[in-house]
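Q: With the input below, show me the fold.
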Amino acid sequence: MIELLAVVSIIGLLTALLLPALSSVRAREQRAACMNNLRQINLGLRMYSDESLDKAPRTPGTASAPGLNWTGYKGLIKSYVGHSGTSSQSDKLFACPADTFHYDFTTNFGAYVPKGLHEQAPDYLSYAFNGGNARPNSNAPGIAGRTLASIKEPARTVLLMEGPALIPYSWHDPKRPFGPESAIFNDAKDMVSFVDGHVGYIKIHWGGNNPPGSMALHSDPPKGYEYKWSGD
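A: Have a look, this model is predicted:
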């Protein structure tokens, strides 16, 4: 019995030591998969623009689909990335493996939802297009409808990003406990794809003294950050 207890104790100790390492490996694998997804989608979007007089997509939101300016690009570029038909959860290219939760800012400000964005109809995608300027009556920056050649800093200007970057929060390095108090926080780390084609895992700015209801997408960050939303 003593020997059995000793073996169980050793197994428990080894498990405790290995779990953090395994968790770290899993997190790196998820980030790598997400980065690869964004690279492929970025390429498909650029191919779409090449055949659209160099213009980025512009899909203004509507009363029934207010987020279309960020999500409507998928319907335009699917054929360029080997997809066809209506969107579904089987569109793995558009699903980040770390996308297992989100916050509801449409019906309940900041409510935690233990399901991924890519599980939500009708879009089924984890990634958003930098189209804040296409939203009706919006002063948000963005590059919707612009020619890619007109963008002044393509290596810093966002083309696509993980959905949480718009808020911001993070799937890869989330703030706990999950809940409204964690729904927005400064320097959340997200995967972002830029106009020049490269992808980075970067910090997203949000100032706690921003006006009520404002999010990361509403303005370019201050100096010191690796990205901007506007093409100017």
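
Q: Okay, helices next: where are they in this protein?
A: 2-50, 68-71, 73-77 (DSSP state H).

Q: least reliable of those going by mean pLDDT?
A: Lowest mean pLDDT within the helices of the chain: helix 2-50, a mean of 76.

Q: Might one say that residue 230 is in contact with residue 220?
A: Yes - here residue 230 reaches residue 220: they are 5.6 Å apart, a contact under Cβ atoms under 8 Å. Using the backbone N, CA and C atoms, a C-beta is placed for each residue, glycine as well.

Q: Specify which residue of those two has the higher count of neighbours.
A: residue 230 (19 against 15; other Cβ atoms under 10 Å).

Q: Report pLDDT for that one.
A: 96.

Q: which residues touch it?
A: 141, 142, 143, 157, 220 (Cβ atoms under 8 Å, 6 or more residues apart in numbering).

Q: Next: residue 87.
A: With the criterion set at Cβ under 8 Å, 6+ apart, residue 87 makes contact with 74, 75, 78, 94, 122, 123, 124, 125.

Q: wait, what's in contact with the nearest residue to residue 228 once chain neighbours are set aside?
A: Closest residue to residue 228 apart from its sequence neighbours, by Cβ to Cβ, 6 or more residues apart in numbering: residue 220 at 4.4 Å. The contact partners of residue 220, taken as Cβ under 8 Å, 6+ apart, are 141, 228, 229, 230.

Q: Please report how far residue 220 lies from residue 91.
A: 31 Å (Cβ to Cβ, to the nearest Å).

Q: Tell me which helix or strand in the chain has the weakest average pLDDT.
A: helix 2-50 (a mean of 76; mean pLDDT, DSSP states H and E).
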